[in-house]
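Asks: got a predicted structure plus its sequence, pasted below:
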Amino acid sequence: MSVYSSPSSNGAQAPYVIGIAGLGTVGCGVIAILQSMERELADKIGRTILVKMVSAQNRAKERPVDIGRYQWVDDALEMADDPEIDCIVEMIGGSDGPAKALVEKALANGKAVVTANKALMAFHGAELAKAAEGQSLFLGFEAAVAGGIPAIKILRESLGGNRVTGISGILNGTCNYILTTMRESGRSFDDVLAEAQALGYAEADPSFDIDGIDAAHKLAILCAIAFGVKIDFSTLPVTGIRHIQAGDIAYATQLGYRIKLLGLARSDAHGKVSIRVEPCFVKADSQIGAVESVFNAVIYDAEPVDRIMVVGRGAGAGPTASAVLSDILDAAQGAVLPVYARPCDQLVTLDKEFATRQQDEESRFYLRLRVLDVPGVVADVATVLKNYQISISVVSQEGRAPKQPVDVVFVLHEASEKSVADACRDLSELQSVLERPTVLRIEDL
Ligand SMILES: NC(=O)c1ccc[n+]([C@@H]2O[C@H](COP(=O)([O-])OP(=O)(O)OC[C@H]3O[C@@H](n4cnc5c(N)ncnc54)[C@H](OP(=O)(O)O)[C@@H]3O)[C@@H](O)[C@H]2O)c1
């Protein structure tokens with residue numbers, strides 16, 4: 001639902017005045033587009049986008065764009081008090097602290113807000129949406145999910161006439177880069193992570209990305225729009241990719257799969273929502289299996305449109321700034337969008353029993369066991385699996401090494417997450433099983 005104001009009778013409107021807080025990768029990316037496309041953008045929307053103020057932490061720092069023409073403020077909050085500024089563009093980051101204070105103040109002072117901040121929207125989106133909605137203000141966060149992919153606009157606007165039943169996404173480019181490079185090079189997780197850090201694809205503290213937290217924030221934002229749910233992160237099952245070994249990647253390839261860190265959310269016929277973030281097997285020849293390296297992808301399953309998949313760059317200055325600009329242009333054209341596609345007081349916290357419910361959902365699973373190569377070990381494993389009514393579709397042992405550690409890989413038929421977890425607990429107690437079993441869901445996407 002978009003409401004656009006009409007231009008004045010001579011077609012020209014007053015400039016749309018913005019303040020940009022945060023001049024890092026994304027903030028400078030936004031300025032680069034505004035500077036290089038100034039005339040084109042003005043022609044397109046019938047008014048100039050004018051940057052009045054900028055702010056960052058360190059005024060002396062070299063920036064890749066010329067910021068000399070803008071008024072510098074040490075305290076970004078000053079922008080929110082400037083009566084000439086129509087829109088605050090928050091590119092600082094962080095769920096709390098200065099970013100939150102700035103966005104709250106901007107909305108309180110009746111200004112539109114554009115942010116790329118997924119952590120802020122994941123934790124405080126509902127309250128910020130309420131503040132925006134109360135005054136019919138624009139609050140745009142397209143860049144917060146999947147960078148340059150218009151994941152939010154598609155969901156909120158293009159799929160407005162659908163009942164969304166599922167979201168499946170590769171939502172973290174760092175993880176996808178690591179998993180792709182591990183497959184292509186056969187190298188270990190630690191080795192590839194170190195390289196990703198050196199190349200700037202992973203942060204010095206990579207835990208936010210590799211432990212699935214960043215993907216969970218993005219999935220939570222999409223779930224609020226798709227299903228009207230608020231997420232309590234402490235209850236959300238989130239597994240990252242630290243435990244994925246080069247062997248798992250090689251076995252996946254042999255079996256015709258790729259390993260992807262997926263954000264998965266489903267809504268059943270009764271509107272009960274399941275949501276999880278975990279590395280999964282997907283078919284190598286599926287569309288999502290072909291999404292490699294730093295690319296992101298989002299699949300929406302919806303009725304009646306069926307399935308839509310969008311792929312693109314999920315991070316970086318240009319792609320992320322592209323999404324920020326789309327919000328700035330909407331705001332400048334007077335768009336007032338319901339932040340979560342519904343009045344925000346209709347958002348409900350995900351029901352408490354969802355975690356238990358989703359443990360009963362059935363999937364196929366990959367199971368890898370590091371075992372001592374002794375007679376009867378596979379039979380022992382099969383007995384444990386049988387105790388939980390889990391049947392085996394494929395079993396494969398890599399090589400032969402009597403009395404030495406070897407990997408035995410199983411593909412399991414449909415079983416509940418709970419029964420597989422219980423079986424793994426029993427398997428860990430077998431003398432011949434040397435390490436915690438590795439279990440990965442197989443997703444038919
Ligand atoms: N990078 C991406 O590809 C990407 C993709 C999607 C979404 N995002 C989101 O976009 C936002 C910005 O990310 P980024 O990668 O551009 O971060 P970044 O490169 O670390 O830049 C952060 C900027 O914020 C400034 N800053 C820090 N504290 C401040 C304060 N109190 N007041 C004003 N400015 C302050 C920093 O100043 P100094 O430069 O002076 O230190 C820096 O310019 C984050 O929310 C991030 O999650 C980023």
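Replies: Received the coordinates, thanks.

Asks: which ones are touching the closest residue to residue 30 other than its chain neighbours?
Replies: With CB to CB, 6 or more residues apart in numbering as the measure, residue 321 is the residue that lies nearest to residue 30, at 4.5 Å, once sequence neighbours are left out. The way it works is simple: take the backbone N, C-alpha and C, and place the C-beta from them, glycine included. Residues in contact with residue 321 (CB atoms under 8 Å, 6 or more residues apart in numbering) are 26, 29, 30, 32, 33, 143.

Asks: in the chain, what residue comes closest to the ligand?
Replies: Distance from the ligand to each residue of the chain (CB to the nearest ligand atom) is smallest for residue 24, at 1.9 Å.

Asks: okay, now that residue: neighbour count?
Replies: When counting by other CB atoms under 10 Å, one arrives at 15 neighbours for residue 24.

Asks: that one and residue 329, how far apart?
Replies: As defined by CB to CB, to the nearest Å, residue 24 lies at a distance of 22 Å from residue 329.

Asks: what's the burial count for the closest residue to residue 235 other than its chain neighbours?
Replies: Computed as CB to CB, 6+ apart, the closest residue to residue 235 that is not its neighbour in sequence is residue 355, at 5.6 Å. In terms of burial, residue 355 registers 15 neighbours under the definition other CB under 10 Å.

Asks: hang on, residue 355 is in a strand, isn't it?
Replies: No. For residue 355, which was evaluated using DSSP: H, G, I helix; E, B strand; the rest coil, the result is helix, with no strand membership.

Asks: for residue 441, see how far away it is.
Replies: Counting by CB to CB, the gap between residue 355 and residue 441 amounts to 15 Å.

Asks: same check on residue 303?
Replies: With distances defined as CB to CB, the gap from residue 303 to residue 441 amounts to 24 Å.

Asks: and those two? Which one has more around it.
Replies: Set residue 303 next to residue 441 and count neighbours by other CB under 10 Å: residue 441 wins out with 20 against 9.

Asks: need the residues of the chain near the ligand, please.
Replies: On the criterion CB under 6 Å from any ligand atom, the ligand has as its neighbours in the chain the residues 21-27, 55-58, 61, 76, 91-93, 98, 116-118, 143, 147, 315-316, 320.

Asks: filter those down to just the ones in helices.
Replies: Cross-referencing these against helices under DSSP state H gives 25, 26, 27, 98, 118, 320.

Asks: okay, the third one: pLDDT?
Replies: Looking back up the chat, that one is residue 27. Residue-level confidence at residue 27 comes out at 97, pLDDT.

Asks: same thing with the last one?
Replies: Among the per-residue scores, residue 320 holds a pLDDT of 95.

Asks: was I right to think it contacts residue 145?
Replies: No. Between residue 320 and residue 145 there is no contact under CB atoms under 8 Å: 10.7 Å.

Asks: tell me where the model's unsure across this structure.
Replies: Low-confidence regions of the chain, defined here as pLDDT under 70, cover residues 1-12.

Asks: please redo it, this time with the cut-off set to 90
Replies: Within the chain, the set of residues satisfying pLDDT under 90 comprises 1-13, 199-205, 231-235, 269-271, 336-338, 350-359, 397-403.

Asks: which segments of it make up each domain?
Replies: Dividing the chain into domains by automatic domain parsing, as the record does, gives the ranges 16-144, 151-313, 360-443.
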